[in-house]
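Visitor: sequence first, then the predicted structure:
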Amino acid sequence: MMYRLIVVAIVATHVPDGHFCGAFTPVSIPTRYPSITRQSFKSPSWKNSSLHALTENDSKVEEKFDQLLSDGNLKGATELLKTSTNSIDVTKDRFLEVFRAIEDRTKEAEENNINKRLAEVGALEYPLTSPARMEMADMYNTLKSRGNVQVFGTAAGGNYPAQGTKNVTPVLLEKITGLSMVSLTPKPTNTLLLAGVALAVFEGILSLTTGIQLNFLIFLTLFLAFLDKLLINGAIFETITRIVMPEYTTKIIKHEAGHFLCAYLLGCPVEGCVLSTWAALNDARFGGKRTSVNAGTSFFDASLSNEINGLQPLTRASIDRYSVIVMGGIAAEALNFGRADGGAGDEIALVRFLSNLNPRSGGAMSWNIHSIKNQARWGALQAVLLIKEYRPCYDALVDALERGGDLGECVYAIENAAKENGLPSISERPLGYIVDEGLYGEWVTEPPVEKTSSNNLVVTQVAFEQDTSEKIEDDLMSLENLKVKMQEKLEEIDSKLDSLSSE
């Protein structure tokens with residue numbers, strides 16, 4: 001089944017699962033977008049709209065493009081954008097409309113409504129590809145090729161801020177990030193305990209003032225809480241918590257912004273972000289009425305989807321991308337608050353994902369508790385460095401989320417912040433290299449060097465990606481050599497047996 005990545009933050013217990021896709025017809029949403037006129041467009045600061053003079057033909061092409069967006073025809077709009085590069089001026093208003101079309105296309109995707117429980121028991125099958133998500137990815141990539149988005153995918157292709165070995169010890173992690181392991185380890189909070197104490201005090205006061213039996217109030221509260229959780233995933237209790245503890249909402253926003261930015265930088269198209277249970281209940285991408293999500297960021301990794309579905313061999317590159325994005329929320333909380341109260345669900349998601357990998361898949365290794373912990377540290381390290389390096393983008397994204405911005409406004413905030421602050425691409429030069437030296441490893445900012453036998457210094461290129469094909473070939477050669485040796489040994493034994501029988 002297709003692997004859909006949903007990273008859930010803070011108190012959510014939902015973890016990544018595979019669901020959806022298939023051959024679906026484009027969604028038509030004729031009333032979603034108002035008719036757009038050229039007079040309403042305003043060129044954003046990062047887009048020079050004076051690069052070409054508008055002709056009458058250009059205006060017709062733009063009108064057609066606007067109509068395709070208005071009709072919810074994301075695929076048609078993407079194709080037109082590809083073939084009419086110089087005829088369509090992607091201004092800020094049009095940019096926002098593109099991402100509203102993406103949100104609507106993914107919200108209405110038929111695979112969102114597949115009964116997950118029936119699929120898990122084999123009564124239904126998930127199609128191997130999702131037209132809606134593939135159309136979304138195609139639009140993202142088209143905008144990237146046109147230069148309309150420049151930060152998207154800047155860390156893709158293994159362009160991580162920390163290159164070198166993937167062995168990250170706790171001591172080295174603290175040295176590089178300036179954060180303690182405690183701050184990067186999600187801890188259970190006392191929110192429920194404090195809420196329970198406050199409620200008990202309130203019920204005691206209410207019982208004394210009204211004469212209502214305290215036992216009755218307690219049982220009534222428990223019954224209402226049960227209904228709240230059963231029917232609307234605890235949305236009422238969450239609302240009360242947000243009123244009593246306003247900082248709770250802030251933590252959720254900054255946590256989800258970490259997931260969002262990491263996914264965006266790594267070239268995984270983001271399709272939506274919800275910051276409350278009420279929002280998740282009204283969004284089919286997060287389960288809708290059947291949701292167990294309290295907050296989350298939904299993104300799509302086409303390569304990992306194909307690999308999980310068996311269409312391609314599973315690669316370490318996909319595992320690494322997922323690890324960094326999952327740890328992005330924890331990294332963001334640690335940077336902002338000095339500790340990660342949320343993120344337990346993220347850790348569980350990563351552990352389950354790595355534990356369930358098939359060791360025989362395309363060079364994938366067998367994951368034990370030690371390798372999983374190391375991968376989590378490596379993912380947290382990369383996420384912290386990415387957020388630090390693109391801090392203006394992160395802060396702009398947080399501001400957009402706090403204002404209730406939709407997907408387009410969040411993406412625009414990231415891109416505009418990068419443009420205004422002149423942020424370089426992380427792909428131009430990594431921040432440093434992890435080297436397997438000393439007891440805990442070393443962090444160097446220049447490409448590491450090693451001494452040859454003649455004491456001459458030779459610069460060693462540090463490869464980030466494991467060369468899977470070479471590893472497989474080496475394993476095959478080793479097996480072949482072992483086979484030859486075993487064959488020779490068997491022939492020697494046969495020879496000795498023949499000599500003994502002849503005697």
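Guide: That came through fine. Residues are numbered from 1 along each chain as shown.
Visitor: got the CA coordinates for the host helix or strand of I434 in PDB?
Guide: Per DSSP states H and E, I434 falls inside strand 432-435. Taking C-alpha atoms only, strand 432-435 is exported to PDB below (Å, rounded to 0.1, in the frame of the first residue of the first chain):
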ATOM      1  CA  GLY A 432      30.500  20.900   8.700                       C
ATOM      2  CA  TYR A 433      31.600  17.300   8.700                       C
ATOM      3  CA  ILE A 434      31.200  14.500  11.200                       C
ATOM      4  CA  VAL A 435      34.400  12.400  11.500                       C
END
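Visitor: helices and strands around that strand, which ones?
Guide: Other helices and strands packing on strand 432-435, by 3 or more C-beta pairs under 8 Å, 6 or more residues apart in numbering; DSSP states H and E, are strand 162-164, strand 442-444. Using the backbone N, CA and C atoms, a C-beta is placed for each residue, glycine as well.
Visitor: of all the ones you listed, which one comes closest to G343?
Guide: strand 162-164 (20.3 Å; C-beta to C-beta).
Visitor: which elements pack onto the very next helix or strand once past that closest one?
Guide: Going down the chain from strand 162-164, the next helix or strand is helix 170-177, by DSSP H and E. Under the contact criterion of 3+ C-beta pairs under 8 Å, 6+ apart, helix 170-177 touches helix 369-389, strand 442-444.
Visitor: adjacent strands (with direction) for the strand holding I434?
Guide: strand 162-164 (parallel), strand 442-444 (antiparallel) (DSSP bridges).
Visitor: save these as TSV, and put in mean pLDDT and distance to S84 too.
Guide: Formatted as TSV, the strands paired with strand 432-435 follow (pLDDT from 0 to 100; distance: least, C-beta to C-beta, whole Å):
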stretch	mean pLDDT	distance to S84
strand 162-164	94	39
strand 442-444	93	48
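Visitor: deepest-packed of these, please.
Guide: Counting by mean count of other C-beta atoms under 10 Å, strand 162-164 has the highest mean neighbour count of the strands paired with strand 432-435, with a mean of 21.
Visitor: list of residues touching that one?
Guide: Contact with strand 162-164 is made by 176, 381-382, 385, 430-435, 443, 448, 462, 464, as judged by C-beta atoms under 8 Å, 6 or more residues apart in numbering.
Visitor: quick one, which of the residues you listed are buried?
Guide: Among the contacts of strand 162-164, those classed as buried by 16 or more other C-beta atoms under 10 Å are 176, 381-382, 385, 430-435, 443, 448, 464.
Visitor: show me which of those residues has the smallest pLDDT value.
Guide: Among the buried ones among the contacts of strand 162-164, F464 carries the lowest pLDDT, at 39.
Visitor: buried set for stretch 309-329?
Guide: Burial within stretch 309-329, assessed by neighbour count using 16+ other C-beta under 10 Å, is assigned to 309, 313-329.
Visitor: give me the neighbour count for L80.
Guide: Using other C-beta atoms under 10 Å, L80 has 20 neighbouring residues.
Visitor: what does it show for phi and psi?
Guide: Here is the backbone geometry of L80 (degrees, to the nearest 10): phi -70, psi -40.
Visitor: contact partners for it?
Guide: So L80 contacts V61, K64, F65, L68, I88 (C-beta under 8 Å, 6+ apart).
Visitor: just the closest of those to A302, please.
Guide: Ranked by distance to A302 (C-beta to C-beta), these are led by L68 at 22.5 Å.
Visitor: how near is that closest one to L81?
Guide: Per C-beta to C-beta, to the nearest Å, L68 is found 9 Å from L81.
Visitor: so between those two, which is more surrounded?
Guide: Comparing L68 with L81 by other C-beta under 10 Å, the one with more neighbours is L81, at 23 against 20.
Visitor: need the CA coordinates for the helix or strand in which the more buried one is found. PDB is fine.
Guide: Here L81 is covered by helix 74-83, with elements defined by DSSP H and E. The C-alpha trace of helix 74-83 is given here as PDB (Å, rounded to 0.1, in the frame of the first residue of the first chain):
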ATOM      1  CA  LEU A  74      -4.500  21.200 -11.000                       C
ATOM      2  CA  LYS A  75      -3.100  18.800 -13.600                       C
ATOM      3  CA  GLY A  76      -4.300  21.100 -16.500                       C
ATOM      4  CA  ALA A  77      -2.900  24.200 -14.800                       C
ATOM      5  CA  THR A  78       0.500  22.500 -14.300                       C
ATOM      6  CA  GLU A  79       0.700  21.400 -17.900                       C
ATOM      7  CA  LEU A  80      -0.200  25.000 -19.100                       C
ATOM      8  CA  LEU A  81       2.400  26.400 -16.800                       C
ATOM      9  CA  LYS A  82       5.100  24.100 -18.300                       C
ATOM     10  CA  THR A  83       4.300  25.000 -21.900                       C
END
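Visitor: which is the next helix or strand following that helix?
Guide: helix 92-107.
Visitor: neighbours of the closest residue to A331 other than its chain neighbours, just the number please.
Guide: Excluding its sequence neighbours, the residue lying closest to A331 (C-beta to C-beta, 6 or more residues apart in numbering) is A383, at 3.7 Å. Residues lying near A383 (other C-beta under 10 Å) number 32.
Visitor: mind listing what the nearest residue to I372 once chain neighbours are set aside touches?
Guide: Nearest residue to I372 in three dimensions, chain neighbours excluded: L354, at 5.0 Å (C-beta to C-beta, 6+ apart). Neighbouring residues of L354 by C-beta under 8 Å, 6+ apart: I319, W367, S371, I372, Q375.
Visitor: would CSV of the residues you listed with pLDDT and distance to M134 be doable?
Guide: Converted to CSV, these look like this (pLDDT from 0 to 100; distance: C-beta to C-beta, whole Å):
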residue, pLDDT, distance to M134
I319, 95, 22
W367, 88, 29
S371, 93, 32
I372, 94, 31
Q375, 96, 28
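Visitor: all helices for the stretch 401-503 of the chain, in order.
Guide: Assigned by DSSP state H, counting those that start in this stretch, the stretch 401-503 of the chain shows helices spanning 407-421, 468-502.
Visitor: lowest average confidence, helix or strand, in this protein?
Guide: One helix or strand of the chain scores below all others by mean pLDDT, DSSP states H and E: strand 5-8, with a mean of 37.
Visitor: where in the protein is pLDDT low?
Guide: Within the chain, the segments meeting pLDDT under 70 span 1-56, 110-128, 188-192, 358-365, 450-488, 500-503.
Visitor: what are the boundaries of the strands in it?
Guide: 5-8, 162-164, 270-274, 296-299, 432-435, 442-444, 449-451, 457-459 (DSSP state E).
Visitor: which residues touch the closest residue to S355 other than its chain neighbours?
Guide: Nearest non-adjacent residue to S355, counting by C-beta to C-beta, 6+ apart: W367, 6.1 Å away. If you count contacts by C-beta under 8 Å, 6+ apart, W367 has them with L354, S355, L357, Q375.
Visitor: gap between W367 and S276?
Guide: 34 Å.
Visitor: swap in T315?
Guide: According to C-beta to C-beta, T315 and S276 sit 35 Å apart.
Visitor: which of the helices and strands packed on helix 170-177 is buried the deepest?
Guide: helix 369-389 (a mean of 21).
Visitor: what packs against that helix?
Guide: Helices and strands touching helix 369-389, by 3+ C-beta pairs under 8 Å, 6+ apart, are strand 162-164, helix 170-177, helix 247-265, helix 316-337, helix 344-355.
Visitor: got the residue ranges for the helices in the stretch 101-250 of the chain?
Guide: In the stretch 101-250 of the chain, the segments counted as helices under DSSP H, counting those that start in this stretch are 116-120, 131-146, 170-177, 191-210, 214-232, 235-244, 247-265.
Visitor: any chance of the ones you listed in CSV, with distance to E271 too?
Guide: Below are the helices of the stretch 101-250 of the chain laid out as CSV (distance: least, C-beta to C-beta, whole Å):
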stretch, distance to E271
helix 116-120, 18
helix 131-146, 6
helix 170-177, 29
helix 191-210, 29
helix 214-232, 23
helix 235-244, 22
helix 247-265, 10
